[in-house]
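Visitor: coordinates for the following, if possible.
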Amino acid sequence: MTQEITIIGAGFAALTAIKEIRKHNKNIGITLVAPKAEFIYLPSLIWIPSGQRTGDDLRINLVAFFNKHNVNFYAGTVTAIQDGGRTVVTDNGDVKNDALLIASGGRFIKKLPGIENTITICEGIDAAEKMRDRIKSMDSGTISLGFGGNPKEPSAMRGGPMFELLFGLDTQLRQEGRRDKFKIVFFSPAKKPGARLGESAVKGILSEIKKRGIETHLGHKMKGFTANKITTEGGEIDTDLIIFMPGMTGPNFAANTEMPLSPGGLIQSNMNCSVEGFEHVYVAGDAGSFPGPDWKPKQAHMADLQAVAAINNMLDGLEGKAATHTFKYELACIIDSNNKGTLAYRTEKRTLVLPPCRILHHIKKVFEWWYLRGYRNP
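Guide: Here you go, the predicted structure:
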């Protein structure tokens, strides 16, 4: 009887997992559970506000990719995981499996009062287009951009895209000849935003912020929002538009499992990407909490690396072999500003930061094309 693998999610980790499975096994059954058979290339959402990308540029229909790799797509939203991981409960019925990969991503923490008055661009294309349209409709005013975190899970944050939006907005307004009509404010409860990129990167970011004439409000815990105000323990910011990236926690269904959760609400995993105490259950990407250095990143590149380790251990486990595959921590990020890019690279052995240059902006776009080509034309 054919063994069946279930994958929850249709993001970076999930699609990398499919390719890794088929590299080793052409016959094992794969069922992918997600609301839609589509992939959104989230790193390029930053280019929608300036018009360098549209939503259709970043929305990839996965039907052909699934057909090529013999994947059964199951349309549904996961609500629980039962039977030690063998049953995935969805709003469209149950899915049984012999092995499970949780690659659903996490969710943003929406507890701050008035957070509905903010735009969180990483929620998807609709949010990015809303930011684009709001900026386009403004003749002048104050635009505030910032990010928060999960105090119980320091790694569960997305600061990189906010720096890109911050610098990209400044570039966009200058190119449009409107920069002098706007005040841009960057806010964060962190005194040294971007610390996970390394000390030299923090200095470079703060220097670039100052160089661009962007005001800062740093090191003060946030208390809430209204349509025209940000309230922190260090005072208030009057504003006309708020772009905010909250901290992250685990997926909605995490609480409806018996799996161990981290203090921050993510599914607890080890360096083999397995969920301890649950046979043939693995996690990769933003849904998981992994051991490692305090700077460990939450980004697509890490999700891919974790997915490869998870699948190799899963396939070995189904054959009765011990888990031996791990992943390395590697932060690789080009902080784009719409016409230039700054490279930040970090491993446990080295840190590298390259100053802004136009070639890195183009490299980021070439990488997008390279990464998506296999999904657009499988």
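Visitor: tell me the pLDDT of the residue nearest in space to the middle of the chain.
Guide: The centre of the chain sits closest to residue 299, judged by C-alpha atoms, centre = their mean, with a distance of 5.2 Å. pLDDT recorded at residue 299 is 92.
Visitor: need phi/psi at it.
Guide: With angles defined as degrees, to the nearest 10, residue 299 sits at phi -150, psi 170.
Visitor: check contacts around it.
Guide: Residue 299 makes contacts with 160, 331-333, as judged by C-beta atoms under 8 Å, 6 or more residues apart in numbering. (Glycine included, C-beta is placed from N, CA and C.)
Visitor: among those residues, which two are most distant?
Guide: In the contacts of residue 299, two members sit farther apart than any others by C-beta to C-beta. They are 160 and 332, at 10.6 Å.
Visitor: if we can go back for a sec, nearest to residue 38, of the contacts of residue 299?
Guide: Closest approach to residue 38 among the contacts of residue 299 (C-beta to C-beta): residue 160, at 23.5 Å.
Visitor: excluding sequence neighbours, find me the nearest residue to the closest one.
Guide: residue 333 (5.3 Å; C-beta to C-beta, 6 or more residues apart in numbering).
Visitor: how far away is the one you found from residue 161?
Guide: Separation of residue 333 from residue 161 (C-beta to C-beta, to the nearest Å): 10 Å.
Visitor: so between residue 160 and residue 332, which is more surrounded?
Guide: A side-by-side neighbour count of residue 160 and residue 332, using other C-beta atoms under 10 Å, places residue 160 first with 24 against 16.
Visitor: does residue 363 belong to a helix or a strand, and which?
Guide: Counting by DSSP states H and E, the element that carries residue 363 is helix 358-376.
Visitor: to clarify, my last question referred to residue 66.
Guide: Assigned by DSSP H and E, residue 66 belongs to helix 63-68.
Visitor: list the buried residues for the helix holding residue 363?
Guide: Buried residues in helix 358-376, defined by neighbour count with 16 or more other C-beta atoms under 10 Å: 360-361, 364-365, 368, 371-372, 375.
Visitor: now tell me what touches that helix from outside.
Guide: Contacts of helix 358-376 (C-beta under 8 Å, 6+ apart): 15, 19, 39, 41, 43-44, 60, 62, 65, 334, 336-343, 354.
Visitor: just the buried subset of these, written out for PyMOL, thanks.
Guide: In PyMOL syntax, the buried subset of these is picked out as below (16+ other C-beta under 10 Å):
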select buried, resi 15+19+39+41+43+44+60+62+65+334+336+337+338+339+340+341+342+343
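Visitor: got the CA positions of stretch 10-27 in PDB?
Guide: The C-alpha trace of stretch 10-27 is given here as PDB (Å, rounded to 0.1, in the frame of the first residue of the first chain):
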ATOM      1  CA  ALA A  10       1.500  26.400   0.000                       C
ATOM      2  CA  GLY A  11       4.400  28.700   0.800                       C
ATOM      3  CA  PHE A  12       8.200  28.400   0.500                       C
ATOM      4  CA  ALA A  13       8.700  25.400   2.800                       C
ATOM      5  CA  ALA A  14       5.800  23.500   1.300                       C
ATOM      6  CA  LEU A  15       6.900  23.800  -2.300                       C
ATOM      7  CA  THR A  16      10.500  23.100  -1.500                       C
ATOM      8  CA  ALA A  17       9.400  20.000   0.400                       C
ATOM      9  CA  ILE A  18       7.500  18.700  -2.700                       C
ATOM     10  CA  LYS A  19      10.600  19.000  -4.900                       C
ATOM     11  CA  GLU A  20      12.700  17.300  -2.300                       C
ATOM     12  CA  ILE A  21      10.300  14.400  -1.900                       C
ATOM     13  CA  ARG A  22      10.200  13.800  -5.700                       C
ATOM     14  CA  LYS A  23      14.000  14.000  -5.900                       C
ATOM     15  CA  HIS A  24      14.200  10.900  -3.700                       C
ATOM     16  CA  ASN A  25      10.900   9.200  -4.300                       C
ATOM     17  CA  LYS A  26       8.700   9.400  -7.400                       C
ATOM     18  CA  ASN A  27       5.900   7.100  -6.100                       C
END
